[in-house]
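[1] okay, sequence plus prediction incoming.
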Amino acid sequence: MTVVPISETATLVKVMDDPISSDILLQPENMTESPNENARQTINTTIDQLSPELLQVNKSLHAHPETAFEEVFAHKTLTEFLESRGFAVKRHAYGIDTAFEATFGSGGRHVVFCAEYDALPGIGHACGHNLIATSSLAAFLGAAQVLSETKTPGRLRLLGTPAEEGGGGKVKLIEAGAFDPPEDISAAIMAHPAGSGQQPDPSNPIDGLAGMRLIASAKMRVEFKGRTAHASAQPWRGVNALDAAVSAYNNISMLRQQIRPDERIHGVFEVGGTVPNVIPGYTRMNWFIRSPTMPRCDDLVKRAQACFEAGAAAAGCEINYIM
Ligand SMILES: [Zn+2]
């Protein structure tokens, strides 16, 4: 694992310090002495020169946050930017309105740069997907410049991947063939920003990681259905769906002590009732359940569902999952 500094637009250039990544892009027989170093210089110079425009793209995406599959402004901004620089761009790619792809080069190996650009509901670009779009755009432009200047065979593709805060945009793109045939693609890469110093070991401060492992994540909404009743006049006639949800939440809180340190369960109440004098007949929670591997995540989901179902049983409610 390589520790690298992350700057606003040059993340992927730093990732390419990794000799394996560099080797993917460069064919030594077509290069002069120190081919990788020359290529790196070209990429750095290209991105430095483009920096004011990239910053403008980055800031405008940040100022126009759009949620999953609604990234109309980002789609327009990025595709127009690429077209203005002469790249072949396919809008609304793979049957997804806000997906796109830009391509460059021929022959050689094929590298895909993934650009995410969706935001979170209510809190905008808190996850920094505007930076993902900008860093992949910068990497694509820098790599295209070096392939062009050195006449190196190779294919580059900037793939606009919507709905990564929720909605599984890349899953839909995979299903639609955006990564087919897989053996044709030497690498599919992107960078995700993180807060400086955001790591488990404060004695080992780092500003970025290359090649980090990802974590499996199961997402589900849980509905509890009971029966409304007047909370003062006839509470005994009600079946309290809020009690089911509160109990489920407390069960998960107890479970958390017994799960592994690299696992996470976190949820919110989305619907918790309307007024105090009506026993809630319907509540809904939204949960994320994460573990390093899919089999472990599946096991953790079963344990979480036991907590939800115990809450439903305690309150006498029906339970329903929306996956
Ligand atoms: Zn994110």
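    On my side now, so go ahead.
[2] any idea how far residue 56 lies from residue 101?
    Applying C-beta to C-beta, to the nearest Å, the value for residue 56 to residue 101 is 22 Å. Every residue, glycine included, has its C-beta placed from N, CA and C.
[3] and the residue of the chain positioned farthest from its centre, which of the three is it?
    Taking C-alpha atoms, centre = their mean, the residue of the chain most remote from its mean C-alpha position is residue 233, at 49.0 Å. What DSSP: H, G, I helix; E, B strand; the rest coil gives for residue 233 is coil.
[4] residue 56 and residue 101 - which one has more neighbours?
    residue 101 (22 against 13; other C-beta atoms under 10 Å).
[5] hmm, who's touching stretch 316-323?
    219-226, 239-241, 243-244, 305, 308-309, 311-312 (C-beta atoms under 8 Å, 6 or more residues apart in numbering).
[6] quick check: pLDDT value at the one residue sitting closest to the centre of the chain.
    For the chain, the residue nearest the mean C-alpha position is residue 164 (4.0 Å; C-alpha atoms, centre = their mean). Note for residue 164: predicted pLDDT of 94.
[7] ok, now which ones touch it?
    Contacts of residue 164 by C-beta under 8 Å, 6+ apart are 68, 116, 118, 129, 170.
[8] and which of the residues you listed is nearest residue 182?
    Closest to residue 182 out of those is residue 170 (13.2 Å), distances taken as C-beta to C-beta.
[9] re the thing from before, and the contacts of stretch 316-323, which of them are buried?
    Buried residues within the contacts of stretch 316-323, counting neighbours by 16 or more other C-beta atoms under 10 Å: 220, 222-226, 239-241, 243-244, 305, 308-309, 311-312.
[10] now, which of the residues you listed lie within helices?
    241, 243, 244, 305, 308, 309, 311, 312 (DSSP state H).
[11] quick one: the helices in the stretch 101-250 of the chain?
    129-150, 169-175, 241-256 (DSSP state H, counting those that start in this stretch).
[12] let's have those in a markdown table, adding distance to residue 300.
    Shown next, in a markdown table, are these (distance: least, C-beta to C-beta, whole Å):
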| stretch | distance to residue 300 |
| --- | --- |
| helix 129-150 | 26 |
| helix 169-175 | 20 |
| helix 241-256 | 9 |
